[in-house]
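In: take this sequence and fold it.
(2 chains)
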Amino acid sequence: EVQLVESGGGVVRPGGSLRLSCVASGFSFNDYGMSWVRQAPGKGLEWVSGINWDGASTHYLDSVKGRFTISRDNAKNSLYLQMNSLRPDDTALYYCVRRRYLGTHYYFDYWGQGTLVPVSS
Amino acid sequence: QSALTQPASVSGSPGQSITISCTETSSDVGDYNYVSWYQQHPGKAPKLMIYDVSERPSGVSNRFSGSKSGNTASLTISGLQAEDEADYYCCSYADSGVFEGVFGGGTKLTVL
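Out: Predicted coordinates for the structure are as follows:
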């Protein structure tokens, strides 16, 4: 059974930093690209960042470029999101998401339960 | 303002069919053939329901179907059931690259 378990969330002050982690199990982690998708309270989904299977290619939402860094450790089946210079509008539930090739493209086929990051003074 | 526009809400009675639209409203969206749909129940993680516009992943009920005409994709749920009450999000990809997902604003489905 595919499982994605996020951790590392918590209240942080504006300008602060936080590192999110996601441990994967039930599949061959190093065969898949991964992403982080967030959801502000009562709002919709927003893709934040993505990384390919070996970490050589990373991608970011414009509003987090230069502040967030995605990385992975395939030996530990783990995905990370280092978040610096946090702002109140970064407040959200952050989901760890598997990216799988289905049909003719890549899609987000498994999601963790999320870790909450409230940014508040 | 999302590049993919969905109605805020739709409703239907048990047994009926409903359709949720998702219209590409920005050139920021890439090839609009790669449309997916996600179902999210309150307090739960999203679930992939449709990919490649109209394909269902294994295990998804055939009451869910997808289609596209021009710049509007649609999700149809037939034989509506109480358990279908949830938020639904369409998703495509940004013109800037195949990693950058773009989600619609979401549609709340109420089963009357």
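In: what about chain B, any weak spots by pLDDT?
Out: B:1, B:27-31, B:95-98 (pLDDT under 70).
In: what's the longest strand in chain A?
Out: If you go by DSSP state E, chain A has its longest strand at strand A:92-102.
In: what pairs with that strand, and is each one parallel or antiparallel?
Out: Based on DSSP bridges, the pairing partners of strand A:92-102 within the sheet are strand A:33-39 (antiparallel), strand A:105-111 (antiparallel), strand A:115-117 (antiparallel).
In: what's the closest of those to A:R13?
Out: Minimum separation from A:R13 across the strands paired with strand A:92-102 (C-beta to C-beta) falls at strand A:115-117, 11.8 Å. C-beta: built from backbone N, CA, C; applies to glycine.
In: all strands for chain A, in order.
Out: Going by DSSP E, chain A shows strands at A:3-7, A:18-25, A:33-39, A:45-51, A:58-60, A:68-73, A:78-83, A:92-102, A:105-111, A:115-117.
In: need these in CSV with mean pLDDT and distance to B:A94, can you?
Out: Shown next, in CSV, are these (pLDDT from 0 to 100; distance: least, C-beta to C-beta, whole Å):
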stretch, mean pLDDT, distance to B:A94
strand A:3-7, 98, 23
strand A:18-25, 98, 22
strand A:33-39, 97, 13
strand A:45-51, 95, 8
strand A:58-60, 94, 9
strand A:68-73, 98, 16
strand A:78-83, 98, 19
strand A:92-102, 95, 14
strand A:105-111, 92, 13
strand A:115-117, 98, 23
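In: in the sheet, who's paired with A:I70?
Out: Beta-bridge partners of A:I70, as defined by DSSP bridges: A:L81.
In: residue contacts, it?
Out: Neighbour list for A:I70: A:36, A:49-51, A:58, A:60, A:79-82 [criterion: C-beta atoms under 8 Å, 6 or more residues apart in numbering or on different chains].
In: ditto for A:R72
Out: Counting by C-beta under 8 Å, 6+ apart, A:R72 has contacts A:34, A:51, A:55, A:78-80.
In: thought A:Q3 was touching A:G26?
Out: Yes. Contact between A:Q3 and A:G26 holds when scored by C-beta atoms under 8 Å: they sit 5.2 Å apart.
In: and chain A, which residues reach chain B?
Out: A:33, A:35, A:37, A:44-47, A:50, A:52, A:57, A:59, A:61, A:95, A:99, A:102-109, A:111-114 (C-beta under 8 Å from any C-beta of the partner chain).
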